[in-house]
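Asker: Build me a model from this:
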Amino acid sequence: MSSIPPPETFKIKVPQVACDGSGAVSPELGHPRVYLRVDPAVGFVECGYCDRRFILEGGPADTPS
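Answerer: All right, here's what the predicted structure looks like:
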């Protein structure tokens, strides 16, 4: 069984990121801002609100597209 891919994937250079669900939508339609930290052993973190995936460049989850 394969997993469902995340709605959006972003590559980041630092292990911490803030997500508010905005971007393609206006901030009013997003969600509360949350601060996320990538676990170096995993190499990515997903937002609990919008399921965006943030991949740490050079980490174990950073694979060529």
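Asker: Please make it C-alpha for all contacts and neighbour counts, starting now.
Answerer: Fine.
Asker: Need the distance between the two termini of stretch 5-22.
Answerer: End-to-end distance of stretch 5-22: 19 Å, with C-alpha to C-alpha, to the nearest Å as the criterion.
Asker: Name the residues of that stretch that are buried.
Answerer: Within stretch 5-22, the residues scored as buried using 16 or more other C-alpha atoms under 10 Å are 12, 15, 19-21.
Asker: contact partners of stretch 18-36?
Answerer: 16-17, 45, 47, 49-50 (C-alpha atoms under 8 Å, 6 or more residues apart in numbering).
Asker: Same list (those) but as JSON lines, adding distance to residue 63.
Answerer: Listed next are these as JSON lines, based on distance: C-alpha to C-alpha, whole Å:
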{"residue": "16", "distance to residue 63": "19"}
{"residue": "17", "distance to residue 63": "20"}
{"residue": "45", "distance to residue 63": "15"}
{"residue": "47", "distance to residue 63": "20"}
{"residue": "49", "distance to residue 63": "24"}
{"residue": "50", "distance to residue 63": "22"}
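Asker: Lowest-confidence member of the buried residues of stretch 5-22, which is it?
Answerer: In terms of pLDDT, residue 21 ranks lowest among the buried residues of stretch 5-22, with 87.
Asker: sorry, back to before: Serialize the buried residues of stretch 5-22 to JSON lines and add fields for secondary structure and distance to residue 34.
Answerer: Compiled in JSON lines, the buried residues of stretch 5-22 are given as follows (DSSP: H, G, I helix; E, B strand; the rest coil; distance: C-alpha to C-alpha, whole Å):
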{"residue": "12", "secondary structure": "strand", "distance to residue 34": "16"}
{"residue": "15", "secondary structure": "coil", "distance to residue 34": "14"}
{"residue": "19", "secondary structure": "strand", "distance to residue 34": "5"}
{"residue": "20", "secondary structure": "coil", "distance to residue 34": "6"}
{"residue": "21", "secondary structure": "coil", "distance to residue 34": "9"}
